[in-house]
Structure formats: C-alpha cells, structure tokens
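J.: Sequence first, then the predicted structure:
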Amino acid sequence: MIDITGPAVPGTDHILTQEAIAFIDHLHQAFAGRRQELLAERQQRRALVGNGRDPKFLSTTASVREDPTWRVAGAGPGLTDRRVEITGPTDPKMAINALNSGARVWLADLEDATSPTWENIVGGQRTLQRAVRGELSFTSADGKDYRVTTPQEFTPTVVMRPRGWHLVEKHLSFTDRSGRTAPASASLVDLGLYFWHNAAELVASGRGPYFYLPKLESHLEARLWNDIFVFAQQRIGMPVGTVRATVLIETIPAAFEMEEILYELRDHCAGLNAGRWDYIFSIIKTFEGRGKRFAFGDRSGITMTVPFMRAYTELLVATCHKRGAHAIGGMSAFIPNRRDPEATQNALAKVAEDKRREAGDGFDGTWVAHPDLIPTALAEFDAVLGDRPNQVGRLRDDVEVTERDLLDITSAAGEVTDAGVRSNVSVALRYIEAWLRGTGAVAIDGLMEDAATAEISRSLLRQWIDNRVVTSEGAEVTRERVAALIDEETRRRSAGAGGDSDRFADAAELLHEVCLAEEFPTFLTIPAYARFLVEAGDRVDALELAG
C-alpha cells in the first residue's frame, strides 16, 4: 500500500493518478526489500574500507571479465550519436532551454541538479510528461513566454536521472505485506512515475524510456535495476530490452566493478558515464578516516589530469568499448557569463581543453551544463568523430589500469591554502542556501555547482580538520576556525541578500552539522531533506492498492 502524505501541488492530478501510484506500489512490493539489503551491504563495505581494507577487483567475477564474447545491448533509437549532452533540472524553463539547445541528449535530472522539494518532484514529472508529448510551454512571472521552437523529431533525446538508492521520498509512504511502514524509495518513485506516464509515448515517438543510473556501488545494485526494468516492461506489455540505461561511475567501489555492472545490465545498457565530481567526493568520503595518504589539497587542484583520475577515465573508455558500450565524459564546471566577455572567453577555453582531452581519449560524448557551451564542446568532438556517430569501435587495448593506479591518491596531493578553506565554506554555504529555496543547480563564482560539488567542499573541510592540515600560510584547519568562517560568511551573505527570504541561517546550521558534527553524514542531502524539505499537508488520498 502507498499513502500520499504530501500536500496537493501543481501537477498532482496529472502525475499522482491511481494507476501510477498502483505501479509504484507494485515496484515497492517487488523490490523494496532488496534495496534495503543492498544499502546494508554498502555500510558493511564502507566499514571494511574504513578499517584499512582497500577496494579490489573482484575475484568472484573474474570469469565475467575474462569472457571476451558478451556485449551490451548498446544504443537505442535516438542514442546512437551522443557527442554533446546537456544536463539540468526539470523545471519548465530549464527544460525548454535544453530542448532548444541543439544538444543530442538532454539529461533530465531529478537528482543532483534538483532540490527535491515536493513541488519540484511532482512538477518535474509533469514537465517531462508534457515535454515527451510536445506540449511544453512556460510563461514567467514577468510575462515572458518560453516555447520549444525545435521540431520535436530534432529535440534532444531525453534520458531521465532518478534519485539514488540512498534517498527516500517522504511525501509517499509504503506499507509492506507485513504491515511495516516506511518512506518510499525515491529511486522507485522517480523511475516509476516517469516510466508509467511516458514509456509507451516515447517508443511511439521513435525513441524510448532511457535512464541515467546514479550512485551505484556494486554490480548487485546494477542487477537490481535490471530486474526492475524487466518487471516494468512486462507490467505494461512492452518488449523486454526496450529500456536503455547509462550508469554513472561516480563511486570508488563502482570503479572496481565496471565490467560487472555492464554485464548485469547487458540487455538494457547503453553505456557508462564518468561522473567526475561525485567520484572525487566518493574518494574523500570513503577514505576520510585513513590518514594523510588520502588527503587532497585545494579543490581547484583536483583536476582530470591527476594520475588517479586519468586511470579512472582511461579504464572507463577501455571497458565500455570492449563491450560495445558508449563512454560518456563528465561535466566541466566552468560556465560562461554573458555580462563578462573576458570571463566567458576563459571559460570557453577551459571547456574546449577539457572536451579535447575527452574526445582524444576515446569518449563518445560529453556533458555540458549551459547551452552556450554546446558549440565549443561540439567542435572538439566533431574534430575527432567527423561524420561517425561515435567511436565505440576504437578499442583502447593500450590501457592497463591496476588497483594501485585507481588508488594513487598521494600523487594528487597539493597545497591547502587559506583561500581554499574560505572558498569551500563559501561555496557549500551558498549552495545549501539555494538548495533550501528549491534550486539544485547554482552558478557560483563562474562555476556550475550542484549537490556533488557542494559535497566535495564540505568533505574536504572535514578531511583537513581530521588530518590536522596546516595551510601554506601556516594556519591549522580546525573545527573552531571553520565554524568561525561559516558564521562570518553567513553574516556577510545575509547582509547582502536584500530581504527576509534567504535561508542562510538554516544553511549555516546545516553546514555546521554535516561538516563539523562528530558523525560525518554520508550525504548532506539526507539530513537537509528530512529537516527542511518535507512538507506536511492535507493528504491527497490514501490509496490501498493490490500487491
């Protein structure tokens, strides 16, 4: 049984239909227990690493890696050419901008680029429902009209990213057959609503129900997703194998199981993506208690060219192409500023360098966060691909990556500066404040910040505190010093906010907790969501559904 405990918000009548809620209930009845088991396995694995056991390639699945014969399903209709993908949240304005952008793919993001307010989640699904049918339009508060002007057959292929396994949707509660009630799985809610409302329509339009799968930590989690895809397709009478998934390799455990993840999803898999920012956060978090061997310098020094990041991306390309899968590059955080030509020129140069490296390494496509970056990224991939839709046929037989290479963190060690400490405080505080107001992708100091980059900022601060790091200027990074900087930055930002609507006090309270408390939360979004984004309201309806 699923109960809707959140208030009615725009889109409720179209999205939270009795049939859609019944479908979500069926997903929970079938898979919620396995989700809990896999989350428990994550905790066990983290405890082992925390006690000194480094991740390794799995001996139990060596036969999968050594078997040269198997391949993944590969690209579905509309996914053959993915040379530039634009990512962004699913509010109507951003969706329209993405659909008009000229990118090959739109990553419609309900995860790191979306603040999961109930209104954003339901509204995002409504946006997607209208976009898939070519019905999306929007009028802003100042009367400006936004329309999709690109013919629908030329709009980017939509690939939706649901929230990760670790997150819940507290506006829906699930009661299992034994009578236990808990918040619904955010992953099952996001995928279920999108699939139920849009899968058949997407196929009819010549594309299909496609997904980006975030935060996976093992091939067993990939197996769970595969079983969900089979269940969902059978439930609506769709041929099994219609769904396509691209998995973000954005955790250090997943980097050691890339081939196994492809294997488990082989009937539904299109490729892997190098989720660079979450990957860096995962390394900081995973080895947080393991001493200075795993300590980084300033965030600005953790680039894609440091040895452990090169190992990770090279292995990803080689693994994908060996199995007929796309390798999709990551997000360069630099963004243009239409009011500052010099800053824009610098951003475009850095993005061009980043995308030139990815195309040269064999990636089949890449991500951008802003429409103005598409021509720059496209030029770099066009220069390598030419008329070919991808370079999956380019096998990287020259790549040999060892366990040691993936864990070569020491070679990336750099200076910690006073400016770096202050920047992390400022970025984390400003991002959290915007997130609490419902914005999940935020331009800060010329960079596009989302939940992953905010996680890096707050986890670096904690890493430096725990390792008693001294900045290059001679100041030790302590709890007291970081707390003082948070309070100072809060006063400064609040004074300049110009009104009573800012959330800097709440953001500061949360940053103190997720950075400085005795227990270090695995994700800042978990306590932030539970404390600030769960809306009480009149129940829309209590739907008792057949299991």
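T.: Ah, there it is. Numbers count the residues shown, from 1 in each chain.

J.: can you pull up the bridge partners for residue 161?
T.: Taking DSSP bridges as the rule, residue 161 bridges to residue 109.

J.: From residue 110, how far off is it?
T.: Shown here: residue 161 relative to residue 110, a distance of 6 Å by Cβ to Cβ, to the nearest Å. (Glycine included, C-beta is placed from N, CA and C.)

J.: Please say which of the two ends up with more neighbours.
T.: Between residue 161 and residue 110, residue 110 has the larger neighbour count (other Cβ atoms under 10 Å), namely 28 against 24.

J.: May I have the residues that are in contact with the nearest residue to residue 139 once chain neighbours are set aside?
T.: Distances taken as Cβ to Cβ, 6 or more residues apart in numbering put residue 145 closest to residue 139, at 5.3 Å, once the chain neighbours are dropped. By Cβ atoms under 8 Å, 6 or more residues apart in numbering, the contact list for residue 145 reads 137, 138, 139.

J.: For the first one, what are phi and psi?
T.: Backbone dihedrals for residue 137, given as degrees, to the nearest 10, come out at phi -150, psi 170.

J.: Tell me the bridge partners for it.
T.: When bridges are called by DSSP bridges, residue 137 pairs up with residue 147.

J.: Wait, it touches residue 131, no?
T.: No. Contact between residue 137 and residue 131 fails when scored by Cβ atoms under 8 Å: they sit 10.2 Å apart.

J.: more neighbours, those two?
T.: Neighbours per residue, other Cβ under 10 Å: of residue 137 and residue 131, the larger number sits with residue 131, 23 against 11.

J.: Now the helix ranked longest in the chain: buried residues?
T.: Identified as the longest helix of the chain according to DSSP state H is helix 18-50. By neighbour count on 16 or more other Cβ atoms under 10 Å, the buried set for helix 18-50 is 20-32, 35, 38, 42, 45-46, 49.

J.: And stretch 48-59, by the same measure?
T.: In terms of neighbour count (16+ other Cβ under 10 Å), stretch 48-59 has its buried residues at 49, 55, 57.

J.: same check, this time on stretch 174-182
T.: Neighbour-count burial for stretch 174-182 flags 174, 175 (criterion: 16+ other Cβ under 10 Å).

J.: Other residues contacting it?
T.: Under Cβ under 8 Å, 6+ apart, the answer for stretch 174-182 is 1-3, 25, 28-29, 32-33, 168, 173, 183-185, 547.

J.: which two from those residues end up farthest apart in space?
T.: Greatest spatial distance in the contacts of stretch 174-182: 168 and 547, 19.8 Å, computed using Cβ to Cβ.

J.: Those two: who's more crowded?
T.: The neighbour count for residue 168 versus residue 547, taken as other Cβ under 10 Å, is higher for residue 168 (23 against 12).

J.: so what's that one up against?
T.: 182, 183, 184, 185, 186.

J.: beta partners of it?
T.: With DSSP bridges applied, residue 168 shows beta-bridge pairing to residue 185.

J.: Report pLDDT for it.
T.: Note for residue 168: predicted pLDDT of 98.

J.: Surely residue 15 and residue 126 touch.
T.: Yes. Counting by Cβ under 8 Å, residue 15 touches residue 126, with 5.5 Å between them.

J.: nearest to residue 98, of the contacts of stretch 174-182?
T.: Distances from residue 98 to these, taken by Cβ to Cβ, are shortest for residue 185, at 26.4 Å.

J.: about what we covered before: want to throw the buried residues of stretch 48-59 into CSV with pLDDT and distance to residue 94?
T.: Compiled in CSV, the buried residues of stretch 48-59 are given as follows (pLDDT from 0 to 100; distance: Cβ to Cβ, whole Å):
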residue, pLDDT, distance to residue 94
49, 95, 37
55, 96, 36
57, 98, 39
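
J.: and the residue most central in space within the chain, what does it touch?
T.: Nearest residue to the geometric centre of the chain (Cα atoms, centre = their mean): residue 112, 4.8 Å. Residue 112 makes contact with 214, 278, 440, 450, 451, 452 under the criterion Cβ under 8 Å, 6+ apart.

J.: Mind checking which of these land in strands?
T.: Assignment to strands by DSSP state E places none of the contacts of residue 112 there.

J.: Run through this structure and note the low-pLDDT ranges.
T.: Along the chain, the model assigns pLDDT under 70 to residues 497-500, 536-547.

J.: Recalculate using a threshold of 50.
T.: Per-residue confidence for the chain (pLDDT under 50) gives these ranges: 538-547.

J.: for the residue of it most remote from its centre, helix, strand, or coil?
T.: The centre of the chain is farthest from one residue, residue 474, which by Cα atoms, centre = their mean lies 36.3 Å away. Under DSSP: H, G, I helix; E, B strand; the rest coil, the three-state class of residue 474 is coil.

J.: sorry, back to before: neighbour-wise, which one of the contacts of residue 168 leads?
T.: Within these, neighbour counts (other Cβ under 10 Å) peak at residue 185, which reaches 28 neighbours.

J.: Please report how far that residue lies from residue 163.
T.: Applying Cβ to Cβ, the value for residue 185 to residue 163 is 9 Å.

J.: Nearest to residue 534 among the buried residues of stretch 48-59?
T.: residue 49 (31.3 Å).

J.: ok now do the nearest residue to the closest one once chain neighbours are set aside, which residues does it touch?
T.: Of all residues not flanking residue 49 in the chain, residue 286 sits nearest, at 5.6 Å (Cβ to Cβ, 6+ apart). The contact partners of residue 286, taken as Cβ under 8 Å, 6+ apart, are 46, 49, 251, 252, 253.

J.: quick one: the helix or strand harbouring the last one to chain centroid distance?
T.: Residue 253 is part of helix 252-255, with elements assigned from DSSP states H and E. Put simply, helix 252-255 sits 15 Å off its chain's centre (Cα atoms, centre = their mean, to the nearest Å).
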